[in-house]
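**Student:** Show me the folded form of this:
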Amino acid sequence: MAERPYVLLSVATSIDGYIDDTSSQRLLLSNAADFDRVDQVRAESDAILIGGNTLRSDNPRLLVNSDKRRADRVAAGKPEYPLKVTVTGSGDLDRDLKFWHFGDRKVVYTTDAGALKLRDRLDGLADVVSTGDTADFGVMLEDLATRGVKRLMVEGGGQIHTQFLAQGLADEIHLAVAPLLVGEAGAPRFVHPAEFPGGSTRRMQLLGAETVGDVVLLRYAPKEASA
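**Tutor:** Prediction:
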């Protein structure tokens, strides 16, 4: 069996820990330099994952934007774009979302019930893979490994990040902290309440810290070190 992919969670938050506001206009937490950094991380990844809720709310294309980075991927024998991945329990994803119509290969992981909705709806646009009665992240990673994915970048949203961390499946976190205070009571946070491995007293290993313009990038290893 192929080894599971290395999983990197990527997120930008405000100083007070929120990932967005609750207004109709999306709040951009990162700056131009940090968006370019994220583009580089995408280019270095074999696959990029985003959750179904974020797909519906943000309707992103989820691409490597730099022409040079895409050319470098091709020169290295890789596809021009990383595999694009989404996860949905319900299967309620429309065919006209931008995600399906830009880039190269796409795959959606869902439940048995979700697959019944999506197989015809996304015919010709994406592979639809059922992981059983629930969206099983372990099964998803195993299937991605069979597709040649060694490095998976996860861009959210909060439910997806929470599942990877709660199940001990994340290898690295890129946390970009923007110099903003959102202050909205209903604004979403990086992760939702959950029982995380080791509990609230276990300290993650800091892998690095750097400034990217006015943003601070913190890199953490969430897994406990092997004995």
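**Student:** The most centrally placed residue in the chain pairs with what?
**Tutor:** The residue lying closest to the centre of the chain (Cα atoms, centre = their mean) is residue 154, at 2.0 Å. Note on residue 154: beta-bridge partners by DSSP bridges are residue 9, residue 49.
**Student:** That one touches residue 10, doesn't it?
**Tutor:** Yes. At 6.7 Å, residue 154 counts as touching residue 10 under the criterion of Cβ atoms under 8 Å. All C-beta spots, glycine's among them, are computed from the backbone N, C-alpha and C.
**Student:** partners of the host helix or strand of residue 86 in the sheet?
**Tutor:** Using DSSP states H and E, residue 86 maps to strand 83-88. According to DSSP bridges, strand 83-88 forms sheet pairs with strand 47-51 (parallel), strand 106-110 (parallel).
**Student:** list the buried ones in it?
**Tutor:** 83, 84, 85, 86, 87, 88 (16 or more other Cβ atoms under 10 Å).
**Student:** And stretch 167-182, by the same measure?
**Tutor:** Buried residues in stretch 167-182 (16+ other Cβ under 10 Å): 169, 170, 171, 172, 173, 174, 175, 176, 177, 178, 180, 182.
**Student:** how many neighbours does the closest residue to residue 107 other than its chain neighbours have?
**Tutor:** Using Cβ to Cβ, 6 or more residues apart in numbering and skipping the chain neighbours, the partner closest in space to residue 107 is residue 127 (4.4 Å). Neighbourhood size, residue 127 [other Cβ atoms under 10 Å]: 15.
**Student:** tell me the SS of residue 202?
**Tutor:** Here residue 202 is recorded as coil under DSSP: H, G, I helix; E, B strand; the rest coil.
**Student:** Check residue 13 too.
**Tutor:** Three-state call for residue 13 (three-state DSSP): strand.
**Student:** do residue 100 as well
**Tutor:** Going by three-state DSSP: residue 100 is helix.
**Student:** show me what contacts the nearest residue to it once chain neighbours are set aside?
**Tutor:** Nearest non-adjacent residue to residue 100, counting by Cβ to Cβ, 6+ apart: residue 125, 4.3 Å away. Taking Cβ atoms under 8 Å, 6 or more residues apart in numbering, we find residue 125 in contact with 95, 100, 101, 106.
**Student:** Output the contacting helices and strands for the longest helix along the chain.
**Tutor:** In the chain, assigned by DSSP state H, the helix with the most residues is helix 32-44. With contacts taken as 3 or more Cβ pairs under 8 Å, 6 or more residues apart in numbering; DSSP states H and E, helix 32-44 sits against strand 6-14, helix 67-75, strand 151-154, strand 205-212, strand 215-221.
**Student:** pLDDT below threshold where in this protein?
**Tutor:** 20-26, 225-227 (pLDDT under 70).
**Student:** nearest to residue 150, of the buried residues of stretch 167-182?
**Tutor:** Set against residue 150, the nearest of the buried residues of stretch 167-182 by Cβ to Cβ is residue 171 (11.5 Å).
**Student:** was I right about the closest one contacting residue 7?
**Tutor:** Yes. Judged on Cβ under 8 Å, residue 171 makes contact with residue 7 at a distance of 5.1 Å.
**Student:** Quick check: which element contains residue 120?
**Tutor:** helix 112-121.
**Student:** Following the chain past that helix, name the next helix or strand.
**Tutor:** strand 127-130.
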